[in-house]
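predicted model and sequence follow; I will ask about them next.
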Amino acid sequence: MPEQPHDAASLETTLAPMLSVRNGARAIDFYIAAFGAQVLFRLDAPDGAVVSRLAVGASQFWVADESPEHKNFSPESLGGSTARMVLVVNDPDAAFNKAVSAGASVVRPVTNEPYEWRIGRVLDPFGHHWEIGRPLT
C-alpha cells in the first residue's frame, strides 16, 4: 500500500523503531502471524530486500533487511540484539502463546512479577526480543 502524501506542517511527531533483519519478507509474515501486525507500507527491492512499516494496535514499527554497507545489522550478524520490544496487551498469555505458535522461542514464560506486571519474553526467529505483558494495577 503506497504512502499517502503529507503536508509537512501537519505531521505529528512520532517515534517508531526499525528492526533490521535477515529475510525481511519472512519477518513481515512472522509479525503478521505472531502479533496480528498490519502492513501500512511495503517496498520490495529488485534484489529481494524489503522495507516495511507495520502496525500492531496503535503502535507502529519498521522492518528492513539488514544493510551492512549502511551499518544496519541484524541480531544474527551482531550475535544478539541491542534493544527489546515491549508489547502491552490485555491478555499477555494469549499473545505470548500466539507468538510461540508462530515460531518465537520462549526466553521467560509469562508470570506475575513483583513490580506489578504480568509479563514474559520471547525471541523472534530474527533475533529480536519481545516482552509481552501488561500492568497488574
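Noted; the coordinates are in hand. Numbers count the residues shown, from 1 in each chain.

now the closest residue to residue 22 other than its chain neighbours: how far from residue 92?
If the residues on either side of it in the chain are set aside, residue 22 comes closest to residue 74, at 5.0 Å by Cβ to Cβ, 6 or more residues apart in numbering. C-betas here are computed from N, CA, C, even on glycine. With distances defined as Cβ to Cβ, to the nearest Å, the gap from residue 74 to residue 92 amounts to 26 Å.

check residue 55 too.
Taking Cβ to Cβ as the measure, residue 55 falls 19 Å from residue 92.

higher neighbour count, those two?
More neighbours surround residue 92 than the other of residue 55 and residue 92, with 20 against 16 (other Cβ atoms under 10 Å).

where along the protein do the strands fall?
Remark: strands of the chain, listed N- to C-terminal, are 18-21, 38-44, 50-56, 59-65, 84-88, 105-113, 117-123, 129-135; assignment by DSSP state E.

returning to that earlier point: quick one, what contacts the residue nearest to residue 22?
Residues counted as contacts of residue 74 (Cβ atoms under 8 Å, 6 or more residues apart in numbering) are 20, 21, 22, 66, 126, 127.

look up phi and psi at it.
Per-residue torsions, residue 74: phi -80, psi 160 (degrees, to the nearest 10).

for the residue lying closest to residue 123 once chain neighbours are set aside, grab the count of nearby residues.
What sits nearest to residue 123 in space, not counting adjacent residues and going by Cβ to Cβ, 6+ apart, is residue 105, at 4.6 Å. For residue 105, the number of neighbouring residues by other Cβ under 10 Å comes to 11.

OK, contacts around residue 105?
Shown in contact with residue 105 (Cβ under 8 Å, 6+ apart): 122, 123, 125.

I'm done for today, thanks for sticking with me.
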